[in-house]
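# sequence and predicted structure below; questions after.
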Amino acid sequence: MSILIKNIKQLVQVHENSVTIVKGEDMKKLPIIENAYLYIQDDTIVEFGTMDFCKGIDAETIIDATGKIVLPSWCDSHTHIVYAGNRVPEFVDRINGMSYAEIANRGGGILNSAKQLQDTSEDDLYEQSIQRLDEMIAMGTGAVEIKTGYGLTVDAELKMLKVIKRIKQDSLAKIAPTLLAAHAIPSEYKGDKEAYINKIIKELIPKASALRVAKYIDVFCEEGYFSVEDTKKILETGKKHHLIPKIHVNQFNILGGVKLGVDYKALSVDHLEELNQDDIDALKSSHTMPVALPACSYFLGIPYTPARAIIDAGLPLAIATDYNPGSTPSGNMNFVVSSACIKLKMTPEEAINAATVNGAYAMGFSNMYGSITRGKKANIIITKPMDSYAQIPYEFAHNPIDTVIINGQLL
């Protein structure tokens, strides 16, 4: 299968040599080619350039992109899309004045989702989840991290991993599976958190490792959930089973989890709505990617990640949806790019870098995804006609997508 996209108004995020991470001032740079073409063979980007050099290229499929922008598909490095049902009643409760913590304390929140998931068959869970992923792909996302964490029993967490494995086999999107058993303390372990942590360490992680599905291990390091010491124990066991650390950290409180993530060479530390200078200094000496989740802040009405402080310190930043039933029931990366500009005060260039190359890095995929580079995978967005790529975040409530290509296949 070969595809030629010609007369591209702007070909965005173009790199002659593979770029795997973009930091600090470099995040303001977004290489583009005006009046360009892009040639795809099978699942790979083979050639690109200005239309002056497009003569003589034949392809089975030719797409005229006159007036349109072409860029790499979004790389969403933080989602929880394998879940059952929804939490609409809690949404209404928050409107009526209840806090996230109050809802959780009465058995809502993650525990509510866990109950629904435990009562849902694997096949039903798969159907609900693959539908969400298909909707994300249609909105321009080509690589997705999927976490467990709504099982909270050994059997239910393993069920989630099996569903993620089926999704990975069936979807064209690139999938990064993460074990997040330490997402909340199940109601039956209330008052005995240590027993649940031992269950994760001694039973769940070994069984999950034996399934050969999960690549990463994650912990919700937060007050009322898992402490820094708890997180350390779980990451230690995960590393023994060759699971790479990622951490939910600094969503509501600063506990020292960022430094712990750096010490354990976490691939990413995610949320960071609360951040101090010690956290920034720790990240400066690391290869750990900070990840902001602005749609979560929007939905919950909590502070936004201080993106300017992170980028201006010379650090990289990725952005992701946090798609989940409780705090971000949306997988729309176009909105995330917009909210990064509007609420995190990132430039369009910074936001697109954060949603492509750096998002891919936060999943360990940026050697093959996240930029228009010869030899990388052909995961491509073609927009509707627009003046420039900055129109994507500007028109925050519009769908900018005209065509999506995933793994070289026109959808």
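Right, received. Where do you want to start? Numbering: from 1, shown residues only.
# send the alpha carbons of stretch 341-353 over as PDB?
C-alpha atoms of stretch 341-353 as PDB (Å, rounded to 0.1, in the frame of the first residue of the first chain):
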ATOM      1  CA  CYS A 341      -2.400  27.000  25.100                       C
ATOM      2  CA  ILE A 342      -5.300  28.600  26.800                       C
ATOM      3  CA  LYS A 343      -4.800  27.500  30.400                       C
ATOM      4  CA  LEU A 344      -1.200  26.400  30.600                       C
ATOM      5  CA  LYS A 345       0.000  29.400  28.600                       C
ATOM      6  CA  MET A 346       1.900  27.200  26.200                       C
ATOM      7  CA  THR A 347       2.500  28.400  22.600                       C
ATOM      8  CA  PRO A 348       0.900  26.400  19.800                       C
ATOM      9  CA  GLU A 349       4.400  25.100  19.000                       C
ATOM     10  CA  GLU A 350       5.000  24.000  22.500                       C
ATOM     11  CA  ALA A 351       1.600  22.300  22.800                       C
ATOM     12  CA  ILE A 352       2.100  20.400  19.500                       C
ATOM     13  CA  ASN A 353       5.600  19.300  20.600                       C
END
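# list the buried residues for it?
Cys341, Ile342, Lys343, Leu344, Met346, Thr347, Pro348, Glu349, Glu350, Ala351, Ile352, Asn353 (16 or more other CB atoms under 10 Å). Heads up, the C-betas are built off the backbone N, CA and C, glycines and all.
# give me the residues contacting it.
Residues outside stretch 341-353 that contact it (CB atoms under 8 Å, 6 or more residues apart in numbering): 12-13, 22, 27-30, 71, 292, 294, 297-298, 304-305, 307-308, 311, 317, 319, 337-338, 340, 354, 389-390, 392-394, 396.
# and if you look at stretch 95-114?
83-85, 87, 90, 93-94, 149-153, 156, 183-184, 186-187, 224, 300, 324-327.
# from those residues, list the buried ones, please.
For those, buried by 16+ other CB under 10 Å: 83-84, 87, 90, 93-94, 149-153, 156, 183-184, 186, 300, 324-327.
# circling back: narrow the contacts of stretch 95-114 to those in strands?
Applying DSSP state E to those, no entry is found in strands.
# mind listing the helices for the stretch 1-150 of the chain?
88-95, 100-105, 110-118, 122-138 (DSSP state H, counting those that start in this stretch).
# ok, now the stretch 151-300 of the chain?
Under DSSP H, counting those that start in this stretch, the stretch 151-300 of the chain gives helices at 154-170, 193-199, 205-211, 228-240, 257-263, 277-284, 294-300.
# with just CA atoms, put stretch 103-117 into PDB.
Output in PDB follows, covering the C-alpha atoms of stretch 103-117 (Å, rounded to 0.1, in the frame of the first residue of the first chain):
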ATOM      1  CA  ILE A 103     -17.200  11.500  46.900                       C
ATOM      2  CA  ALA A 104     -14.400   9.000  47.300                       C
ATOM      3  CA  ASN A 105     -14.900   8.800  51.100                       C
ATOM      4  CA  ARG A 106     -18.500   7.600  50.700                       C
ATOM      5  CA  GLY A 107     -17.500   4.800  48.300                       C
ATOM      6  CA  GLY A 108     -17.600   6.800  45.100                       C
ATOM      7  CA  GLY A 109     -14.800   7.600  42.800                       C
ATOM      8  CA  ILE A 110     -12.300   4.900  41.900                       C
ATOM      9  CA  LEU A 111     -14.100   2.400  44.200                       C
ATOM     10  CA  ASN A 112     -17.400   3.000  42.300                       C
ATOM     11  CA  SER A 113     -15.700   2.200  39.000                       C
ATOM     12  CA  ALA A 114     -14.000  -0.900  40.500                       C
ATOM     13  CA  LYS A 115     -17.400  -2.300  41.500                       C
ATOM     14  CA  GLN A 116     -18.800  -1.700  38.000                       C
ATOM     15  CA  LEU A 117     -15.800  -3.300  36.400                       C
END
